[in-house]
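S.K.: no sequence for this one, just the structure:
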């Protein structure tokens, strides 16, 4: 009877240690997942700021770029597509949503670049105080987006690395911790932020 109690006690102690160890793994993964979701939320804030600035930029440009209607419409369309993709990418662990957001953001960056190139041809627009202020805010926002993307990708890397290392990898799948997707630009030509400074 005493040997049985000792064995039972040892098994309970082992089960308790194992349970605490698995709980520690689970808590670490939750912590890391919440960090990359928070980092994505910071990108979200900056993208929203950009989406709010673009209609103002286009509105100011409209008066000067009467013959460039197609360019203005392309910017608004790209903004709307990117905003819709941002809404879908509310879960940054969804690889397809993140890929769609990256593609939409690339399209918006290209459309903004075309707008800035066209606007360079209009000296009155370049000299407009509101246009200069908006382009400065847009430049600042683009920089903040870049930093937020970097912080997000760093958080995703730490999460994915932890998730894929032994012994965590054994439990990550069982505990439903899926790999997170990096925020990346698929088309290498679109990796640069749109140039928005007037010279």
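M.R.: It's in. All figures in this text were calculated on a predicted structure; none of them were measured in a lab.

S.K.: contacts, neighbours, all on C-alpha from now
M.R.: Fine.

S.K.: which residue packs closest to residue 32, ignoring adjacent ones?
M.R.: Nearest non-adjacent residue to residue 32, counting by Cα to Cα, 6 or more residues apart in numbering: residue 159, 5.3 Å away.

S.K.: Pretty sure the one you found sits against residue 25.
M.R.: No: applying Cα atoms under 8 Å, one finds residue 159 not in contact with residue 25, separated by 11.9 Å.

S.K.: gap between the lowest-mean-pLDDT helix or strand in the chain and the chain center?
M.R.: In the chain, no helix or strand scores lower on mean pLDDT, DSSP states H and E than helix 123-127, which sits at a mean of 76. The chain centre lies 33 Å from the centre of helix 123-127; the measure is Cα atoms, centre = their mean, to the nearest Å.

S.K.: buried stuff in it?
M.R.: 125, 126 (16 or more other Cα atoms under 10 Å).

S.K.: any idea which helix or strand carries residue 178?
M.R.: Element membership for residue 178, per DSSP states H and E: none, as it lies in no helix or strand.

S.K.: show me the contacts for it.
M.R.: The contact partners of residue 178, taken as Cα atoms under 8 Å, 6 or more residues apart in numbering, are 93, 172.

S.K.: Then the one 4 residues further on?
M.R.: For residue 182, the contacting residues are 98, 152, 153, 156, 157, by Cα under 8 Å, 6+ apart.

S.K.: who touches the least confident helix or strand of the chain?
M.R.: So helix 123-127 is in contact with 61, 64, 119, 120, 131, 132, 198, going by Cα under 8 Å, 6+ apart.

S.K.: 10 Å instead, please
M.R.: Defining contact as Cα atoms under 10 Å, 6 or more residues apart in numbering, one finds that helix 123-127 is touched by 60-65, 116, 119-120, 131-132, 135, 197-199.

S.K.: ok, now stretch 165-173?
M.R.: Taking Cα under 10 Å, 6+ apart as the rule, stretch 165-173 contacts 22, 24-26, 28-29, 160-164, 177-179.
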